[in-house]
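Peer 1: Can you look at this prediction? I've put the sequence above it.
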Amino acid sequence: MELWDLYDAKREPLGSTHVRGVPLDGGTYHLIVDIWTITPEGRILLTQRHPNKTYGLKWECTGGSVLAGEESLEGVLRELEEEVGIKARPEEVMLMDTVRLEDRFVDTYIYRRPVKLSELKLQATEVVDARLVTYEELCREWEAGKVMPRRFARYREKLKQFLEDGQIQETKRRRG
């Protein structure tokens, strides 16, 4: 049973938890984290969702729900290690964006590091494949409907900027 901490619309903790799979009450939110992993050569790590998940077989960045008792940064580091076997240190990731959606807050990070597909350890219940693509390939895949709809659309320009100059404007180094 997976538990999430609950937050109000201002991201203030409510002091209660929620069981994954049970509909959230209106006005309550949980926390999701995503991380775009980019190689020094500018290739982007994409993972393919398990076919039994919503949006099965779509390509996406790594991510998932933050567990009860975790902070955003802890959650993103855990998800990266669980889903693809990459161990990152807190100081290596940068917060790219935070957004509030209908029932969740999403913190999206970016991480630059070498990636060898042969060394990834894919979480069988979450991820069925991984690949490295160029920004242009990612754009084509998204336009063809093969990439998770929201995840790339929101970060298209920020990813392009990061690939061009290694910077994300108005970004905090990390979120605790």
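Peer 2: Now that the structure is in, tell me what you want to look at. Residues are numbered from 1 along each chain as shown.

Peer 1: how about the helices in the chain?
Peer 2: Secondary structure of the chain (DSSP state H): helices located at 72-84, 135-143, 149-165.

Peer 1: can you give me the mean pLDDT across the shortest one?
Peer 2: Think helix 135-143. Helix 135-143 comes out with an average pLDDT of 94.

Peer 1: which stretches of this protein aren't confidently modelled?
Peer 2: For the chain, the stretches flagged by pLDDT under 70 are 167-176.

Peer 1: residue ranges of the strands in it, please?
Peer 2: Listed in chain order, the strands of the chain (DSSP state E) span 3-7, 13-19, 30-38, 44-49, 59-60, 62-65, 93-100, 104-112, 127-133.

Peer 1: Just name the most buried of those.
Peer 2: Most buried of those by mean neighbour count (mean count of other Cβ atoms under 10 Å) is strand 30-38; its value is a mean of 24. (Each C-beta comes from the backbone N, C-alpha and C, glycine too.)

Peer 1: which strands and helices sit next to that strand?
Peer 2: strand 3-7, strand 44-49, strand 62-65, helix 72-84, strand 104-112, helix 149-165 (3 or more Cβ pairs under 8 Å, 6 or more residues apart in numbering; DSSP states H and E).

Peer 1: can you put the strands of the chain in CSV and add distance to R151?
Peer 2: Shown next, in CSV, are the strands of the chain (distance: least, Cβ to Cβ, whole Å):
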stretch, distance to R151
strand 3-7, 19
strand 13-19, 22
strand 30-38, 6
strand 44-49, 10
strand 59-60, 5
strand 62-65, 8
strand 93-100, 11
strand 104-112, 8
strand 127-133, 14
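
Peer 1: Figure out which of those is closest to E74.
Peer 2: strand 30-38 (9.2 Å; Cβ to Cβ).

Peer 1: Could you tell me the angle between the closest one and strand 44-49?
Peer 2: Strand 30-38 and strand 44-49 are oriented at 130 degrees to each other (axes from the mean of the first three to the mean of the last three Cα atoms, to 10 degrees).
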